[in-house]
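Asker: What shape does this take:
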Amino acid sequence: MHSAAAAAAAAIAQAVKASGAIVRMEPDEFVHIVYRADEPIVVMATSKIFGKTSFKYLTSYKGLAFYTKSPRQLSLGIGAEVVSAKQIWIPG
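Answerer: Sure thing, here's the model as predicted:
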């Protein structure tokens, strides 16, 4: 069992190296980041677990990737281009 946990940790570490730093934040903070960007592009995916829908969001701002998960759909303003994705997977 320890080798499986070590393998999972190594896979997560490799994914982080491949994708770079990802900043996880609260939904309200994420919205503030989107409003700061001049021409924001936001990737959004929905998931349903045990009948509860959640919304996942990913955007880039000044070279960093920002991620949030929310139980409700976020209002990102009229200037944001929203791209729908089947899934957003964040390591760790």
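
Asker: for the protein, which spans come out with low pLDDT?
Answerer: Scanning the chain for pLDDT under 70 picks out 1-20, 92.

Asker: can you give me the helices for it?
Answerer: If DSSP state H is used as the criterion, the helices of the chain fall at 2-19, 27-36.

Asker: Tell me how far the closest residue to residue 76 other than its chain neighbours lies from residue 90.
Answerer: Distances taken as Cβ to Cβ, 6 or more residues apart in numbering place residue 34 nearest to residue 76, at 5.1 Å, with adjacent residues excluded. In short, each C-beta sits where N, CA and C put it, glycine included. From residue 34 across to residue 90, the span is 17 Å (Cβ to Cβ, to the nearest Å).

Asker: mind checking how far the residue nearest the centre of the chain is from residue 28?
Answerer: Centre of the chain computed as the mean C-alpha position; nearest residue by Cα atoms, centre = their mean is residue 67, 3.1 Å away. Distance, residue 67 to residue 28, by Cβ to Cβ: 14 Å.
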